[in-house]
Every structure is written in C-alpha cells, then in structure tokens.
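Colleague: sequence plus the predicted model coming up.
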Amino acid sequence: VRDMTSDSALQYRAAGPRQAQAGLTAGQPCGAEEFRRLLIASGASPSLAPSQWVENHFRWIVWKLACYERGYPDICAGRWLTFPNILKQLKYRYEREVNKAQFPALKRIFERDSAAGRAMVLCVSAVRRASDTSGQEVPQAAASAAVPAVYLEVTDGWYW
C-alpha cells in the first residue's frame, strides 16, 4: 500500500471472498479479471462492462483506497483496501455510468457534452516524463523546446 501508484494499482490482488462465488474459491486473490466476473455475476451486462472498463475502474478504486490507507493509517488501519470495498465501489460505478448514465466531468468534456471551461478540481495522479513512440525517455538534449519535458496525468475524482 505504501508504494502503490495509479499505475501499479492494476496489478493489485485483493484477498478474495470469504465464501466461494462466481467461480472463485474462498480467499482466492482477485484482480481486475476476477472482479469483472463478480460484477457480471451480480447482474452487470458483459457487453456494458468490458475488461477495459473494469480494469480502468479497478485501477482507480484500488489507488484511491490505497491513498486513504496511506494518508490515514490510524483511521483506516487496513480496513479500506479490501475485497468487499473494491467490489462495492465497482458496482457503484457501474450503477452510475451504465444504469443512470452519469459520467465524470472529464469524460463529459472529452465527449463534448460539457464546456471545457467549467470549473473543477483535479487530482494529479502521476507525473510522467516525455517519451518517444517506443516508450523510451527522450534525452533532454534531443527534446524540442516546444515539447514539454513532463506530462501530468490527472483525475477528476468523480467517484471520490
């Protein structure tokens, strides 16, 4: 939890359910794929909860809960980043986006459903160095003055 980043969150494996369910054995470590199966077993449509959607939301849920654990260790004490909380929040996001058609501010802006100038608070989730198309860092001497040396990844915290 201490070293969890928004990137490493996707590799997190939560201690599984207390009882076998949706093809999972009790205590089986669960990542995004297993949570997708549980979401579908709970009634979600497989076509409306594709792997990419679940992986994205799983990543942000795990990162957020890890941040809570890290920021408030006396209050959270290992009680937030848990299997039931991850599943509950994944179901909540599915309900909001799929069943209620409510979307985050950034998604609405990118899809031109909201004005880009609207006021919002963003959270910096990562600071990334500029890289070339192969994913390798561009040497500082080779970087153009017109290309930023770093990029900020932000989240609108819609589900926080």
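Modeller: That came in fine, so what should we check first? Residues are numbered from 1 along each chain as shown.
Colleague: name the element the most centrally placed residue in the chain belongs to?
Modeller: For the chain, the residue nearest the mean C-alpha position is W60 (1.8 Å; Cα atoms, centre = their mean). Assigned by DSSP states H and E, W60 belongs to helix 51-71.
Colleague: got the contact list for that helix?
Modeller: Outside helix 51-71, the residues that touch it by Cβ atoms under 8 Å, 6 or more residues apart in numbering are 1-2, 4-6, 9-10, 12, 14, 31-33, 35-36, 39, 76, 78, 80-82, 85-86, 89-90, 93, 125, 155, 159-160. For the C-beta atoms, the positions are set from N, CA and C on the backbone; glycine is no exception.
Colleague: how far off centre is stretch 96-106?
Modeller: Its chain's C-alpha centre and that of stretch 96-106 lie 15 Å apart, by Cα atoms, centre = their mean, to the nearest Å.
Colleague: ok, now stretch 151-160?
Modeller: Computed by Cα atoms, centre = their mean, the chain-centroid distance of stretch 151-160 equals 10 Å.
Colleague: could you give the mean pLDDT of it?
Modeller: Regarding stretch 151-160, the rounded mean pLDDT is 77.
Colleague: done for today, thanks.
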